[in-house]
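[1] My questions concern the predicted model and sequence given below.
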Amino acid sequence: EIILRGALHTHEEVLGPNHSETLESLARLACVLHGKGDLKGAEPMYRQALAMSERVLGPDHPETLAALSNLAMLLKQKGDLEGAEPM
């Protein structure tokens, strides 16, 4: 987690917040937090990754669809079926 946070920070500083490598770092960190059971920490990162992916890659890109799926799975795991349904 510490290494991924460092990579994300570096990518944001060097490549900018809308670069695909920055997006990948954010998505990986969200997945790690989710895997650790930190749903509260992962959810905003999944949401940010989804918004960035839609903006940078487009709504039909496989990475955007993966980001959407990851967020929906987290919401389902939280029991927020109403939040996951529109997805």
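    Received the coordinates, thanks.

[2] Point to the helix or strand of this protein where mean pLDDT is at its lowest.
    One helix or strand of the chain scores below all others by mean pLDDT, DSSP states H and E: helix 81-84, with a mean of 69.

[3] Which residue lies nearest the spatial centre of the protein?
    What sits nearest the mean C-alpha location of the chain, by CA atoms, centre = their mean, is Tyr46, with 2.9 Å.

[4] For the helix or strand containing that residue, buried residues please.
    Secondary structure assignment for Tyr46, by DSSP states H and E: helix 39-56. Using 16 or more other CB atoms under 10 Å as the test for burial, helix 39-56 gives Ala42, Glu43, Met45, Tyr46, Gln48, Ala49, Leu50, Met52, Ser53, Glu54, Val56. (Each C-beta comes from the backbone N, C-alpha and C, glycine too.)

[5] now stretch 16-30
    For stretch 16-30, by 16+ other CB under 10 Å, it's Thr22, Leu23, Glu24, Ser25, Leu26, Ala27, Arg28, Leu29, Ala30.

[6] tell me the contacts of the first one?
    It stands for Thr22. Counting by CB atoms under 8 Å, 6 or more residues apart in numbering, Thr22 makes contact with Leu8, His11, Glu12, Leu15, Gly16, Met52.

[7] Pull the number of nearby residues for the closest residue to Glu43 other than its chain neighbours.
    The shortest distance from Glu43 to any residue other than its chain neighbours is 5.8 Å, reached at Leu74 (CB to CB, 6 or more residues apart in numbering). Counted with other CB atoms under 10 Å, the neighbours of Leu74 add up to 22.
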